[in-house]
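>>> just to be clear, the model below is a prediction. Sequence and coordinates:
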Amino acid sequence: MSSIPFPNPSDDLASSSDALHDSIHSQFYSPPSFDVSGSFQMNPLSAHPPRTPRSSMSITPTSRPLSAHFGSVSISVYDEKEEDTQGTRAEAVQDHTAGDDGDEVAYELDEEDLRVKAADNKVAPHEVWRDILSASYGRDKAFKVMQYSIRVYLLFHTKLLFRSGRSAWQQTMVRRLESARSGFSFTRKMLILFNWLTPLSTILAQKTVPYASLDGSFFSHSLANAAAKKPPSSPFTGQLLSHPFLQALLAAPPPVLLDLFNGLSDDIYTLSRLGLVGQKTGARAARFADWCWFFGTLVGLVQNGIEMSIVEGQQREVENRAYQESMSGATSKSQPKASKADEKELMRLQRKTYWLKVTRTKLAMDLIFVSYDVFKLSRGKDVIQSFAGLVAAILSSLKLYDKYKSALVTKLLSSTI
């Protein structure tokens, strides 16, 4: 209660006893400076003032204002409380509005994720394999899995299961499997004929050829203008080196050149198996193709390591940004758009890191396989090459399957928009 009424003094108290003690009390007590006959008012400057400045519910007509009792006392405490309350309410309304906007953004992002998942579930495996096997590269990978699966089975069959192999049906089965393996190998060689046209197109598609000119200046020389230039008069170079195509070859990246020479050498070896080229020429082309494959695999491992370090750095950057936002008090509700974007970027980088690791493993298997042919190693060649080839074939097929499935999901999403 903000006011406590006091009873008025009765008439019988104003008797002679009051007169008797007046002289005594006047020595020790002075008359109060406020009116005790009215109502008691709570001090506004007390330790626990009321939350809102409400007037007394039991003010008598004889009560006087606070200024009459306490002089010119300010009651700004109540005004400050009112301002703080109003500011808190405004901030709450603003936060609620911002929360609604954040919920809408989060809902849109979640809806997009649901659309992607629904499209991913609609893509059937047979549709992916249909697109894979419709291309010669996809059939090459499928036949490679069959070829090295047969080779691994023959390895177990002859080394572990049936070591003697004396029965007629075992010899017939082994002979048929060997023929099937050789047929798959030759079919794959036929499927990748003229595969060197892809790196050749990359070389010819170069707009400029950056090389060091004879006068010592480094500029980008156009292929179209290279033929119009005067051939160098140096005895070390002639018209051959001034040809635009040769300049394009010299300016091409090493991996592209290795793919070009590897494809040409493989085609010469295939032609020798067809009987169109001599056996010695085919053997030399096969050995040169192995060396190109060896160096191309080393270059691929270097590129894979560089790309993986870049992706891991980007992943750490996103994780550090998310950690700093969490330490600053930002949550998925206060900043839904930024949190959702960081989450999607982190998932993308993790997925990319996973496939880079798959590619690194595949390149390592290729390096092991081709090293036996390049350096003419014989110890454990059949066993190691069989398993290395099978692992590389499976990993290549997984990468190809993911590529074609992602293309189908993107196509389905674009058609539904």
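That came through fine.
>>> what about the longest helix in the chain?
Under DSSP state H, the helix in the chain containing the largest number of residues is helix 279-327.
>>> any idea how far L249 is from I203?
Separation of L249 from I203 (C-beta to C-beta, to the nearest Å) stands at 6 Å. Where C-beta positions appear, they are placed from N, C-alpha and C, glycine not excepted.
>>> shared neighbours of these two, which are they?
Taking C-beta atoms under 8 Å, 6 or more residues apart in numbering as the criterion, L249 and I203 both touch L257.
>>> who are the packing partners of the helix or strand where M347 lies?
Under the criterion of DSSP states H and E, M347 resides in helix 336-374. When contacts are defined as 3 or more C-beta pairs under 8 Å, 6 or more residues apart in numbering; DSSP states H and E, helix 336-374 sits against helix 76-122, helix 279-327, helix 381-416.
>>> in that helix, which residues are buried?
When burial is assessed from 16 or more other C-beta atoms under 10 Å, helix 336-374 yields the following buried residues: 336, 338-340, 342, 345-346, 349, 352-353, 356, 359-360, 362-373.
>>> the longest helix of the chain packs against which elements?
helix 254-274, helix 336-374.
>>> still on that earlier bit, which one of the helices and strands packed on helix 336-374 lies closest to R151?
Closest to R151 of those is helix 381-416 (C-beta to C-beta; 4.7 Å).
>>> quick check: angle from the closest one to helix 336-374?
150 degrees (axes from the mean of the first three to the mean of the last three C-alpha atoms, to 10 degrees).
>>> quick check: buried residues in helix 381-416?
Those would be 384-397, 400-401, 404-405, 408-409, 412, for helix 381-416 by 16+ other C-beta under 10 Å.
>>> mean pLDDT lowest where, among the helices and strands packed on helix 279-327?
When the helices and strands packed on helix 279-327 are ranked by mean pLDDT, helix 336-374 comes last with a mean of 92.
>>> quick one on the thing from earlier: of all the helices and strands packed on helix 336-374, which lies closest to L160?
Comparing the helices and strands packed on helix 336-374 by C-beta to C-beta, helix 381-416 comes nearest, at 11.1 Å.
>>> from the contact counts, what lies against the closest one?
Contacts defined by 3+ C-beta pairs under 8 Å, 6+ apart place helix 381-416 against helix 76-122, helix 125-133, helix 136-156, helix 336-374.
>>> quick one: residues in contact with stretch 148-158.
165, 170, 174, 177-178, 180-181, 184, 382-383, 386-387, 389-390, 393.
>>> and stretch 120-137, by the same measure?
138-139, 141-142, 191-192, 400-401, 404-405, 407-409, 412.
>>> follow-up on the earlier one: let me know the angle separating the longest helix of the chain from helix 336-374.
160 degrees.
>>> let me see the mean pLDDT of helix 279-327.
94.
>>> my read: I192 touches D140, true?
Yes: using C-beta atoms under 8 Å, I192 is in contact with D140, at 5.9 Å.
>>> looking at these two, which is more packed in?
D140 (20 against 15; other C-beta atoms under 10 Å).
>>> residues contacting that one?
Residues in contact with D140, defined by C-beta under 8 Å, 6+ apart, are 188, 191-192.
>>> need phi/psi at L377.
Here the main-chain torsion angles of L377 (degrees, to the nearest 10) amount to phi -80, psi 140.
>>> how much space between it and K352?
Distance from L377 to K352, counting by C-beta to C-beta: 35 Å.
>>> over to L395?
Noted for L395: a distance of 16 Å to K352, by C-beta to C-beta.
>>> tell me the spacing between A118 and E345.
Distance of A118 to E345, given as C-beta to C-beta: 22 Å.
>>> before we move on, what about A248?
Using C-beta to C-beta, A248 is found at 38 Å from E345.
>>> what is the orientation angle of the longest helix of the chain with helix 254-274?
Using the same axes, to 10 degrees: helix 279-327 against helix 254-274 is 140 degrees.
>>> who touches stretch 369-385?
In contact with stretch 369-385 (C-beta under 8 Å, 6+ apart) are residues 155, 159, 287, 290-291, 293-294, 297, 368, 388-389, 392.
>>> which regions of this structure lie under the pLDDT threshold?
1-109, 164-165, 207-241, 329-337, 417 (pLDDT under 70).
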